[in-house]
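Q: Structure, please.
(one chain, ligands or ions: 3)
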Amino acid sequence: MTLGNMENVEVFNAEGKGRGLRATKELWAGDVIFAEPSFAAVVFDSLSEQVCHSCFRRQEKLHRCGQCKFAQYCDRTCQRACWEEHKHECAAIKKYGKAPNENVRLAARILWRIEKDGGVMSDGQLTTLDELEDHVADMPEEDLKELKIDVHNFLDYWPHGSRQYNVDCISHIMGVINCNGFTLSDQRGLQAVGVGIFPNLCLVNHDCWPNCTIILNHGNQTALNPLFHTQRRIELRALGKIAEGEELTVAYVDFLNVSKDRQRLLKQQYFFDCACQHCTQQIKDDLMMGVKDVDGKKPSEEVVKEVTEYSLKTLEKIEKARTEGNYHEVVKLCRECLEKQEPVLADTHIYLLRILSVASEVLSYLQFFSEAAEYARRMVEGYMKLYHPNNAQLGMATMRAGVTHWHAGSIEVGHSMICKAYAILMITHGPSHSITKDLEAMRMQTEMELRMFRQNEYVYHTMREAALKNKPMSMMSEPVQEGIKNLFRKK
Ligand SMILES: [Zn+2]
Ligand SMILES: [Zn+2]
Ligand SMILES: [Zn+2]
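A: Ligands and ions are numbered 1, 2, ... in the order given. Alright, predicted model coming up:
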């Protein structure tokens, strides 16, 4: 089956993994294999007042729908573009008296969409929602209980005058949302803000070392093309050369977990046993759990165990302090932990990298740029030894490290990192993505500053100081709690 913009792929029977997608022709790094608009999507309950319900951008100021008083939009353009999707929901929320939770809202949006357009939206859709896995039978008791409550609430919320569905049908939709709901990020790609269903994407199987990546493109906001502005679509992009007939894969979970942890996560959340090469051969596990080795002298097993356990406990404390917005406490915990980790753990140990990541993020938010830059550099050096060279997380981390160096006044390192990040994001995000565009602007700016710096270091620093005095450097964005670690959302 090769239809619509799906001519680069075909459905096949992937041995041991059910259906899968494979390439119908040779593909190269950065190729958009297919793009798919969301079948339906909703903003998370927790962010319903901070994110536009149409374009999923985070905004300072949003305008509420006058009818239901629930939906929020950037402006009239966003509201109008979303009306078709919202109109039944708007009436239902008014009648129900409040907005139900995100699962119920998404299930209803899916069914309204099916009623309007039928189960298959376009020639390019390779599967129907009926055919997607729901894994209701595999669910643990606890989750099943929640699913039943959602089904019950759905039946109350769903308008009585509309076509009625039985409990099995609603359970199936809830199950599909649970295991196939794709996490939508904000425009900076840093925070998970909503969940959506993309049927073709559901056909792409997992591999811990995948040959593709998925990126959400919010579209470009232009006055000339107001409709394009609200397009939410995902793109499946090739990370390297892919041969004709090769299976296309993406990573459902972050690679920076040892193989047995990734396998456990995948089993828990997606109900399969990962048998990818990196899991079966435990590739890079030794680096991720590596210990310091100075001229063949290694710390004792006992010390390693103690520091590992201490790190895990500290990471929990850090998470709590971060959620409470207690950033000075976060910094204190990080510094203490690094002091213990440094003599014992290797530079690629994932617990060390996790601390470096939090420390650099929070310190640059607090404008301690020099210390933040040092941690960010070490984090990126560790990531480079672990991640696929075109991994999107690596690209984003390198970008962050580059910006931090730039703010710290290390223009040479900053510019070089921004260039490296740009090269990765051209492949993972593509030239039209808003993050890539921001990065390109920074690349040009830092290139100019670097030229100035090389011509006359003294003049450069004087100008920089004057500029800083005039206009304090804009704050780095506040560290977000709900980062994006998993491709598909799981509660
Ligand atoms: Zn908007
Ligand atoms: Zn409304
Ligand atoms: Zn694996």
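Q: Could you pick out the residues of the protein near ligand 3 for me?
A: Cys208, Cys274, Cys276, Cys279 (C-beta under 5 Å from the ion). Every C-beta, even on glycine, is put in place using the N, C-alpha and C of the backbone.
Q: Neighbour-wise, which one of these leads?
A: The residue in the residues of the chain next to ligand 3 with the most neighbours, by other C-beta atoms under 10 Å, is Cys208 (23 neighbours).
Q: Does Ala99 touch Lys69 like I think?
A: No. Assessed by C-beta atoms under 8 Å, Ala99 is found out of contact with Lys69, at 9.2 Å.
Q: Compare those two (neighbour count), which wins?
A: A direct count of neighbours by other C-beta under 10 Å for Ala99 and Lys69 places Ala99 higher, at 19 against 13.
Q: so of the residues of the chain next to ligand 3, which ones are in helices?
A: Secondary structure from DSSP state H places Cys279 of these in helices.
Q: so, in contact with ligand 1 or not, stretch 187-196?
A: No. For stretch 187-196, no contact with ligand 1 is found by C-beta under 5 Å from the ion; the gap never falls below 9.6 Å.
Q: Contacts only, for Asn13.
A: Arg19, Gly20 (C-beta atoms under 8 Å, 6 or more residues apart in numbering).
Q: Would you agree it falls within a strand?
A: Yes. Counting by DSSP: H, G, I helix; E, B strand; the rest coil, one finds Asn13 located in a strand.
Q: Pretty sure His388 sits in a helix.
A: No. His388 is assigned coil when assessed by three-state DSSP, not a helix.
Q: three-state assignment of the closest residue to ligand 2 within the stretch 101-250 of the chain?
A: Nearest residue of the stretch 101-250 of the chain to ligand 2 (C-beta to the ion) works out as Arg105 at 11.8 Å. Three-state call for Arg105 (three-state DSSP): helix.
Q: how near is it to ligand 3?
A: With distances taken as C-beta to the ion, to the nearest Å, Arg105 is found 33 Å from ligand 3.
Q: Of the residues of the chain next to ligand 3, just say which sits nearest to ligand 1.
A: With C-beta to the ion as the yardstick, the closest approach to ligand 1 among those comes from Cys208, at 34.9 Å.
Q: Get me the contact residues on this structure for ligand 1.
A: Cys52, Ser54, Cys55, Cys74, Cys78.
Q: what are the phi and psi angles of the fourth one?
A: The phi and psi values for Cys74, taken as degrees, to the nearest 10, are phi -60, psi -50.
Q: correct me, but it touches Glu60?
A: No. At 10.1 Å, Cys74 and Glu60 do not qualify as touching, with contact defined as C-beta under 8 Å.
Q: Have a look at the two and say which one is more surrounded.
A: Between Cys74 and Glu60, Cys74 has the larger neighbour count (other C-beta under 10 Å), namely 20 against 5.
Q: Tell me how many other residues crowd the closest residue to the more buried one other than its chain neighbours.
A: Computed as C-beta to C-beta, 6 or more residues apart in numbering, the closest residue to Cys74 that is not its neighbour in sequence is Cys52, at 4.6 Å. Around Cys52 there are 25 other residues, counting by other C-beta under 10 Å.
Q: Going forward, count from 52.
A: Taking 52 as the first residue, the last one we looked at is Cys103.
Q: what sits against Cys103?
A: Neighbours of Cys103 in contact, by C-beta under 8 Å, 6+ apart: Val94, Gln110, Leu113, Gln123, Tyr124, Cys125, Cys129.
Q: Skip the chain neighbours and tell me the closest residue to the third one.
A: Once its chain neighbours are removed from consideration, Leu113 has its nearest residue in Gln123; the separation is 3.9 Å (C-beta to C-beta, 6+ apart).
Q: What's the local residue count around that neighbour?
A: 22.
Q: Do I have it right that it meets Arg109?
A: No. The criterion here is C-beta under 8 Å, and Gln123 misses it with Arg109 at 11.1 Å.
Q: and for those two, which residues touch both?
A: Val102.
Q: Low-confidence bits of the stretch 152-301 of the chain, can you list those?
A: Where the stretch 152-301 of the chain drops to pLDDT under 70, the residues are 169-175, 270-282.
Q: give me the residue from it nearest ligand 3.
A: For the stretch 152-301 of the chain, C-beta to the ion, closest residue to ligand 3: Cys259, 3.3 Å.
Q: Let me see the contact set for that residue.
A: Ala302, Val304, Phe306, Ser310, Arg313, Cys325, Cys327, His329, Cys330.
Q: Give the phi and psi angles for Ala92, as a check.
A: Given degrees, to the nearest 10, the pair of backbone angles that Ala92 has is phi -160, psi 150.
Q: Lys356 too?
A: Dihedral angles (degrees, to the nearest 10) for Lys356: phi -60, psi -40.
Q: Now do the same contact list for the nearest residue to Asp82 once chain neighbours are set aside.
A: Nearest non-adjacent residue to Asp82, counting by C-beta to C-beta, 6+ apart: Ala289, 4.5 Å away. Contacts for Ala289 (C-beta under 8 Å, 6+ apart) come out as Leu78, Trp79, Ala80, Gly81, Asp82, Ile84, Asn262, Cys263.
Q: Which of those residues fall within helices?
A: Using DSSP H, none of the contacts of Ala289 sit in helices.
Q: now the residues you listed in JSON lines, with neighbour count?
A: JSON lines is the format used below for the contacts of Ala289 (neighbours: other C-beta atoms under 10 Å):
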{"residue": "Leu78", "neighbour count": "24"}
{"residue": "Trp79", "neighbour count": "10"}
{"residue": "Ala80", "neighbour count": "16"}
{"residue": "Gly81", "neighbour count": "17"}
{"residue": "Asp82", "neighbour count": "20"}
{"residue": "Ile84", "neighbour count": "24"}
{"residue": "Asn262", "neighbour count": "22"}
{"residue": "Cys263", "neighbour count": "24"}
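Q: Could you dump those into CSV with distance to ligand 2 added?
A: What follows is the contacts of Ala289, written out as CSV (distance: C-beta to the ion, whole Å):
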residue, distance to ligand 2
Leu78, 42
Trp79, 45
Ala80, 43
Gly81, 40
Asp82, 40
Ile84, 36
Asn262, 42
Cys263, 37
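Q: Can you tell me which of those is nearest Leu180?
A: Comparing the contacts of Ala289 against Leu180 with C-beta to C-beta places Ile84 closest, at 21.8 Å.
Q: could you check the distance from the closest one over to ligand 3?
A: In terms of C-beta to the ion, Ile84 sits 21 Å off from ligand 3.
Q: Would you mark the buried spots in stretch 296-311?
A: 298-310 (16 or more other C-beta atoms under 10 Å).
Q: In helices, which of these appear?
A: Those of the buried residues of stretch 296-311 mapping onto helices are Ser310, per DSSP H.
Q: how about the buried residues of stretch 296-311 in a markdown table, adding distance to ligand 2?
A: Shown next, in a markdown table, are the buried residues of stretch 296-311 (distance: C-beta to the ion, whole Å):
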| residue | distance to ligand 2 |
| --- | --- |
| Glu298 | 43 |
| Leu299 | 38 |
| Thr300 | 39 |
| Val301 | 34 |
| Ala302 | 37 |
| Tyr303 | 34 |
| Val304 | 36 |
| Asp305 | 36 |
| Phe306 | 41 |
| Leu307 | 41 |
| Asn308 | 41 |
| Val309 | 46 |
| Ser310 | 47 |
